[in-house]
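In: Any chance you could fold what I've pasted below:
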Amino acid sequence: MTTAPSGGPHPPSQSSSHPLRTIRDIRESLPEDQRRHFDTELTDTEIEALPEMLHRWVTLSNDGFEEFLLSAPFEGLDFGARSYDEHADTE
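Out: Okay, the predicted model is just below:
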C-alpha cells in the first residue's frame, strides 16, 4: 500500500499487476489465428528483445477490443447511408 500526501492509504494499483504471468497464459488468451503469429514472433525474437515483445502481446491480449466489438457498440447505426444522399433526393 502507498500513502497519499493526505495520509490516507491507497491500495496498490491493479494496472501494475497483470493476470498473465507466463508465456502459456499469453498464448491461451489469444485467438487461434493470433497464436500462430505469436509463436512465429516468439521463435524469431532475440533474447534481449523478449521482455518488450512479451509486454506488447500481453497488452494486445487484454486490450478489451474483442469484448467491445462483441458488446454490439454499433447496434442501431445505419451503415452505408450518407448524409448528403438525403439532400440530393430533395433537390
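In: From now on I want contacts and neighbour counts done on CA atoms only, so please keep to that.
Out: OK.
In: all strands for this protein, in order.
Out: Counting by DSSP state E, the chain has these strands, from start to end: 2-3, 9-10.
In: Quick test: name the residue nearest the centre of the chain.
Out: With the centre of the chain defined as its mean C-alpha position, the nearest residue by C-alpha atoms, centre = their mean is residue 63, 1.6 Å away.
In: From residue 27, how far out is that one?
Out: Here the distance between residue 63 and residue 27 works out to 15 Å (C-alpha to C-alpha, to the nearest Å).
In: same thing with residue 75?
Out: If you measure residue 75 against residue 27 using C-alpha to C-alpha, the figure is 31 Å.
In: more crowded one of those two?
Out: More neighbours sit around residue 27 than around the other of residue 75 and residue 27, counting by other C-alpha atoms under 10 Å; the figures are 19 against 7.
In: How much space separates the more buried one from residue 19?
Out: The gap separating residue 27 from residue 19 is 13 Å, by C-alpha to C-alpha.
In: ok, now residue 73?
Out: Computed with C-alpha to C-alpha, the distance linking residue 73 and residue 19 is 26 Å.
In: Please enumerate the helices of the protein.
Out: Listed in chain order, the helices found in the chain under DSSP state H are 23-29, 32-44, 50-61, 65-70, 83-90.
In: Using JSON lines, lay out those together with mean pLDDT.
Out: Putting these into JSON lines (pLDDT from 0 to 100) gives the following:
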{"stretch": "helix 23-29", "mean pLDDT": "89"}
{"stretch": "helix 32-44", "mean pLDDT": "92"}
{"stretch": "helix 50-61", "mean pLDDT": "88"}
{"stretch": "helix 65-70", "mean pLDDT": "74"}
{"stretch": "helix 83-90", "mean pLDDT": "64"}
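In: what sits against residue 57?
Out: If you count contacts by C-alpha atoms under 8 Å, 6 or more residues apart in numbering, residue 57 has them with 26, 38.
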